[in-house]
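A.B. asks: Show me the folded form of this:
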Amino acid sequence: MTSIKEIREAIDEGLDKLQAKAKAAATQMGLSSDDLSDHINTQQEKLKDAALKLQAKLDEAVPEETRTKIQGAFEHLQVQLALGAADSRDAFNARKKEIQRAIAEFNAELDAANAAEERELAAEFDALMTVYVAQAVILEAELEAAESQYEEEEG
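C.D. replies: A predicted model of the protein is given here:
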């Protein structure tokens with residue numbers, strides 16, 4: 001089974017990350033603050049949906065103890081995504097860091113479950129992990145583009 005680190009490296013090595021950053025910047029360029037907030041919230045919902053699908057697949061295949069650890073990391077990720085966009089640049093940067101930390105914690109739990117279990121559903125699980133990681137990369141690109149907009153507005 002493929003680890004999140006391997007999937008992320010494949011995305012980072014390819015043009016996917018650069019394309020996500022360019023698309024995010026282009027999309028956000030003409031957005032008002034309210035529209036930008038709505039756009040980021042939409043991307044957060046997409047990541048949440050991808051994580052929910054991955055969580056559901058894990059619930060079928062991993063032992064209770066592993067499920068509990070993953071569920072805790074997933075709940076933390078959900079809380080961070082639910083907190084939404086911040087009003088000031090400092091608050092935005094703090095929120096961005098918390099979202100990135102929550103993604104990293106969820107990724108670590110997924111990788112631990114991945115390493116601990118052999119699954120018959122490996123291909124399906126890998127496909128869900130790839131969608132989740134791609135959506136996490138897109139959200140991170142959106143957050144970086146939004147941060148650039150904050151800097152331009154202040155400058």
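
A.B. asks: what residue lies at the spatial centre of this structure?
C.D. replies: residue 136 (2.6 Å; Cα atoms, centre = their mean).

A.B. asks: Distance from the chain centre to the host helix or strand of residue 68, please.
C.D. replies: Secondary structure assigned from DSSP states H and E places residue 68 in helix 64-82. Using Cα atoms, centre = their mean, to the nearest Å, the mean C-alpha position of helix 64-82 is found 13 Å from that of the whole chain.

A.B. asks: Likewise for stretch 90-101?
C.D. replies: With Cα atoms, centre = their mean, you get 13 Å for stretch 90-101.

A.B. asks: Quick one: mean pLDDT over that stretch.
C.D. replies: Summarised as a single mean, pLDDT over stretch 90-101 is 81.

A.B. asks: before we move on, the earlier item: wait, doesn't the residue nearest to the centre of the chain sit right on residue 100?
C.D. replies: No. If you go by Cβ atoms under 8 Å, residue 136 and residue 100 don't touch, sitting 9.1 Å apart. (Each C-beta comes from the backbone N, C-alpha and C, glycine too.)
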